[in-house]
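> sequence isn't available, so here's the structure alone:
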């Protein structure tokens, strides 16, 4: 049995937001038996771990480490919370107390809560922690079977499932511990797919809104639809996931890391595999933007690499809507606290729907709007000009007459066909744009290069800006949409009529 001297080290990780910081659990046994001392910015749950571990050692018939344990969770300035540190602390104590040989713990990390009778329970953040410890050189991760299966998606790390503390100890005591590692887990196995809302062709008419939906999917453009209740705007936007391209393996791993950082359920994604988040308009700002006393991801982060759909846009709280401006520009969200700042990814596509007025019938040909001009203006003022300006596409969705709702679906609007067009347009963008960026993220010189030179383009651009009184930001958005229109047409060069179509799909809301 080793007392004092060089500490035994077992790896683990602390989840901060949606990422993890590598943590070293260092353990030594000092002098006569006594209470454990735990160092390193730990909460009460971590301090209680020693008592759970002693009970588990006894329940599993393992010899208890003798002496006065000294535990340090480094780095000391990173807060460590929760019961996921139980298993790595137990293994470090086993090594320091002579239950396990020191060499058996080299390159080993662990994660999981231990019950009083020695059972292992899953913990939060398995994927994030696996990524963090792999970067630190860990070779083996021991965890509850559920967590081990999730972590096994991380290449270069062997993940061993264990169900009890004794399993973990005897596994490491064996010279062939790595033989128990799980085979690599396929990413698709860890997601639940939501059923499709329907086919776009099932909705009759609305060629212009459908064109806007196609362009939005092809270029990753933010899209706002405005129209009376029942006109079909929400039904169209719910079908957007049916034409989006599947995420790449790197994007799927990002989504899995985010969705499992603070919860233990299987992530749900829309048809095609991308997140499709639709918070209710009564949601709080922290619920959408992220935050809380222990910073948790909000809907903008959970929608990363996918879609955030805000129905009834003006009904959302003003501070929430204004808070969207930062992630829409920076594609990340920053949560500031007195002692720390947490940054989380938020690269999502924003789609929204709204009525033109409180009653919803302004401009409707079949029903009378009873809202005054002042009422309509105040209603629309709930969504600020700077936020409206950030939508690349703004289209009206009118109520259709009954005769246009009859007839068979048009094959040209089948979701499967549109998905092929989107895939081809995205392929052109990945080969042309720097870093494979989609058109909806282009700016500066990258946008200028993608659009190219053309007198007709500049002429139509100037004409549209004068006609609609557009800002410099709007100019950028017109060019992005025009580039996507050309990509859908299979053209390398943007033409003036592409700019005209982009301007028509960026309507101004009338009074």
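Everything's here; your move. What you see is a predicted model; the values in this text were computed from it and never measured.

> buried residues, the worst-scoring helix or strand of the chain on mean pLDDT. List them.
Within the chain, no helix or strand scores below helix 455-468, which has a mean of 87 by mean pLDDT, DSSP states H and E. Along helix 455-468, these residues count as buried under the neighbour rule (16 or more other CB atoms under 10 Å): 457, 460, 461, 464, 465. C-betas here are computed from N, CA, C, even on glycine.

> residues making contact with that helix?
Applying CB atoms under 8 Å, 6 or more residues apart in numbering, the contact partners of helix 455-468 are 451, 470, 474-475, 478-479, 482, 494-500, 502-503, 506, 508.

> could you redo the last one with a cut-off of 10 Å?
Residues external to helix 455-468 that are found in contact with it (CB atoms under 10 Å, 6 or more residues apart in numbering): 451, 454, 470-472, 474-475, 478-479, 482, 486, 493-504, 506-508.

> mind checking which of the residues you listed are buried?
Among the contacts of helix 455-468, those buried by neighbour count (16+ other CB under 10 Å) are 451, 454, 470, 474, 478-479, 482, 486, 494-496, 498-503, 506-507.

> and the buried residues of helix 455-468 as a markdown table, adding distance to residue 334?
Putting those into a markdown table (distance: CB to CB, whole Å) gives the following:
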| residue | distance to residue 334 |
| --- | --- |
| 457 | 36 |
| 460 | 38 |
| 461 | 34 |
| 464 | 34 |
| 465 | 32 |
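
> now for those: which two are most distant?
Based on CB to CB, the longest span within the buried residues of helix 455-468 runs between 457 and 465 and measures 12.5 Å.

> next step: the contacts of helix 455-468 restricted to helices.
Those of those mapping onto helices are 451, 472, 474-475, 478-479, 482, 486, 496-504, per DSSP state H.

> so residue 253 is in contact with residue 187, correct?
Yes - if you go by CB atoms under 10 Å, residue 253 and residue 187 touch, sitting 6.5 Å apart.

> common neighbours of those two, please.
153, 247.

> run a quick neighbour tally on residue 211.
18 (other CB atoms under 10 Å).

> wait, residue 179
For residue 179, the number of neighbouring residues by other CB under 10 Å comes to 10.

> cool, and residue 469?
The number of residues packed near residue 469 is 8, by other CB under 10 Å.

> same thing with residue 283?
Residue 283: 16 neighbours (other CB under 10 Å).

> from residue 335, how far out is it?
For residue 283, the distance to residue 335 equals 16 Å [CB to CB, to the nearest Å].

> same deal with residue 226?
Distance from residue 226 to residue 335, by CB to CB: 32 Å.

> shaky segments in the chain?
In the predicted model of the chain, residues 1-5, 32-34, 338, 508-511 satisfy pLDDT under 70.

> ok, the residue nearest to residue 258 when sequence neighbours are not counted - contacts?
Spatial nearest neighbour of residue 258, chain neighbours left out: residue 18 (4.6 Å); criterion: CB to CB, 6 or more residues apart in numbering. Going by CB under 10 Å, 6+ apart, residue 18 touches 125, 127-128, 254, 257-262, 290, 295-297, 301-302, 304, 342-345.

> go on, residue 25?
Counting by CB under 10 Å, 6+ apart, residue 25 has contacts 7-12, 38, 40, 71-74, 80, 85, 87-93, 109-110.

> that one in helix, strand or coil?
strand (DSSP: H, G, I helix; E, B strand; the rest coil).

> do the same with the one 4 residues further on
Under three-state DSSP, residue 29 falls in the strand class.

> now the residue nearest to it when sequence neighbours are not counted: phi and psi?
Excluding the flanking residues, the one nearest residue 29 by CB to CB, 6+ apart is residue 67, at 3.2 Å. Main-chain dihedrals, residue 67, degrees, to the nearest 10: phi 120, psi -170.

> quick one: residue 67 and residue 30 touch, right?
Yes - the criterion here is CB under 10 Å, and residue 67 meets it with residue 30 at 6.2 Å.

> give me the more crowded residue out of the two.
The neighbour count for residue 67 versus residue 30, taken as other CB under 10 Å, is higher for residue 67 (21 against 14).

> mind checking how far the more buried one is from residue 273?
52 Å.

> same check on residue 407?
33 Å.

> now do the SS call for the closest residue in space to residue 341 that isn't next to it in sequence.
Spatial nearest neighbour of residue 341, chain neighbours left out: residue 334 (6.2 Å); criterion: CB to CB, 6+ apart. Three-state call for residue 334 (three-state DSSP): strand.

> can you name the residues bridging to residue 334?
For residue 334, the beta-bridge partners are residue 343 (DSSP bridges).

> and it, how many neighbours does it have?
14.

> surely it meets residue 340?
No - using CB under 10 Å as the test, residue 334 is too far from residue 340 to be in contact (11.1 Å).

> coming back round to it: more neighbours: which of residue 226 and residue 335?
Neighbour count, other CB under 10 Å: between residue 226 and residue 335, residue 226 has more, with 24 against 20.

> and that one, bridged to which residues?
residue 354, residue 396.

> skip the chain neighbours and tell me the closest residue to residue 375.
Nearest one to residue 375, counting by CB to CB, 6+ apart, is residue 358 at 6.3 Å.

> assign that neighbour to helix, strand or coil.
Strictly by three-state DSSP, residue 358 counts as coil.

> from residue 370, how far out is it?
9 Å.

> so how far is residue 497 from the nearest residue to residue 496 once chain neighbours are set aside?
Among residues not flanking residue 496 along the chain, residue 456 sits closest, at 3.3 Å (CB to CB, 6+ apart). Computed with CB to CB, the distance linking residue 456 and residue 497 is 8 Å.
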